[in-house]
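*Asks:* I would like to see how this sequence folds:
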Amino acid sequence: MDQEANSPELNDRELLRYSRQILLPQIDIAGQQRLLASHVLLFGVGGIGSPAAMYLASSGVGKLTLVDPDSVDASNLQRQIIFRSDDVGEEKVTAANRTLASLNAQTSVHTIHAALSGERLRQEIAKADLVLDATDNFAARFAINEACVETGTPLVVGAAIRFEGQVMVFPMHRQSACYRCLYPDLGDLEESCTQTGILGSVAGLIGCLQATEAIKLLLDTGQSLANRMLLVDALNMEWRCVTINKDSQCPTCANPDRTG
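*Replies:* Next comes the predicted model:
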């Protein structure tokens, strides 16, 4: 992203609002301007996507596009902190937009109440600087990953179940692994919190980590989880990180013509 040349000067209100971030030498005024000029596409406004969206908006990301086909259910409220009891029955993206506007009206929020696929999915991803995948099924994750590979858009993936979670980053350059490299044999992968349960704060933890990785990527600072997977066992409070190797036979990213 070459955004600095087109980034306006921060006004007094912005300098005050983001002052604690601007104090960080890794961000400074130039970094804050870069965040304000950034566009993040978020798939899934659930237990993980809720805190991720809230922290991205609060940090000053200029544009957020939220994609989710679902409506708010009472069972969501235990972990999806972007919603309130009065939101039950409403489209998730609409209710989330309202909360984000109250957090930071400066962030432009666009909503898509649908499950994207095919060319529409690819087009929306191509518009973004970075994609966050907070969906809850493998079919969606594989489709999002494939579109990110095709467009060369960096991807941050988060998942959580029970007391466990994981976060990983795929820069999507030619040497990068992709999410599909993890699963050469699909088999029977599906497992959901509807069946096994989840501690709400664990989903929140993963969403916060996703937002942190997204901000670091947007600012090109620090050491990201690029081609690595951070595994969290909150029940025993153990963390470990494993390398994700590029699969030379990966059906999604092995063909160099498909990588941005």
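*Asks:* going forward, measure contacts between C-alpha atoms and count neighbours the same way
*Replies:* OK.
*Asks:* where along this protein do the helices fall?
*Replies:* Using DSSP state H, the helices of the chain run over 12-17, 19-22, 28-36, 49-59, 92-103, 118-127, 138-151, 193-196, 200-219.
*Asks:* deepest of the ones you listed, which one?
*Replies:* Ranked by mean neighbour count, those are led by helix 49-59 with a mean of 24 (mean count of other CA atoms under 10 Å).
*Asks:* ok, residues contacting that helix?
*Replies:* With contacts defined as CA atoms under 8 Å, 6 or more residues apart in numbering, helix 49-59 is touched by 18, 21, 35, 42-43, 45, 64, 80-82, 96, 100, 103-104, 107, 133-134, 204, 207-211, 215.
*Asks:* for stretch 79-95, same thing?
*Replies:* 45-48, 50-51, 54, 66-74, 77, 96, 99, 111-113, 199-201, 203-204.
*Asks:* State the number of residues packed around Asp86.
*Replies:* 10 (other CA atoms under 10 Å).
*Asks:* for Met237, same thing?
*Replies:* Around Met237 there are 9 residues (other CA under 10 Å).
*Asks:* what about it, distance to Gly62?
*Replies:* Met237 sits 34 Å away from Gly62, going by CA to CA, to the nearest Å.
*Asks:* need the helices of the chain in TSV with mean pLDDT and distance to Gln166, can you?
*Replies:* Shown next, in TSV, are the helices of the chain (pLDDT from 0 to 100; distance: least, CA to CA, whole Å):
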stretch	mean pLDDT	distance to Gln166
helix 12-17	94	31
helix 19-22	96	26
helix 28-36	96	25
helix 49-59	98	14
helix 92-103	97	23
helix 118-127	97	22
helix 138-151	94	14
helix 193-196	65	14
helix 200-219	97	7
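*Asks:* Let me know which of those helices is the nearest to Gln249.
*Replies:* Nearest to Gln249 among these is helix 138-151 (14.6 Å), distances taken as CA to CA.
*Asks:* That closest one packs against which elements?
*Replies:* helix 118-127, strand 130-133 (3 or more CA pairs under 8 Å, 6 or more residues apart in numbering; DSSP states H and E).
*Asks:* tell me the angle it makes with helix 118-127.
*Replies:* 60 degrees (axes from the mean of the first three to the mean of the last three CA atoms, to 10 degrees).
*Asks:* The chain should start at 270 in everything you say after this.
*Replies:* Got it, the first residue is 270 from now on, which makes the last one we talked about helix 407-420.
*Asks:* Send over helix 407-420 as CSV, restricted to the C-alpha atoms.
*Replies:* C-alpha atoms of helix 407-420 as CSV (Å, rounded to 0.1, in the frame of the first residue of the first chain):
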residue,chain,number,x,y,z
PHE,A,407,-14.3,-24.8,6.1
ALA,A,408,-16.2,-24.3,2.9
ALA,A,409,-16.2,-20.5,3.5
ARG,A,410,-12.6,-20.5,4.6
PHE,A,411,-11.4,-22.3,1.5
ALA,A,412,-13.3,-20.0,-0.8
ILE,A,413,-12.0,-16.9,0.9
ASN,A,414,-8.5,-18.3,0.9
GLU,A,415,-8.7,-19.1,-2.8
ALA,A,416,-9.9,-15.6,-3.7
CYS,A,417,-7.1,-14.1,-1.6
VAL,A,418,-4.5,-16.2,-3.4
GLU,A,419,-5.9,-15.1,-6.8
THR,A,420,-5.8,-11.4,-5.8
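*Asks:* what's the spacing between it and its chain's center?
*Replies:* Distance of helix 407-420 from its chain centroid, counting by CA atoms, centre = their mean, to the nearest Å, is 13 Å.
*Asks:* circling back: is it possible to get JSON lines of the helices and strands packed on helix 407-420 that adds distance to Val426?
*Replies:* Putting the helices and strands packed on helix 407-420 into JSON lines (distance: least, CA to CA, whole Å) gives the following:
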{"stretch": "helix 387-396", "distance to Val426": "14"}
{"stretch": "strand 399-402", "distance to Val426": "5"}
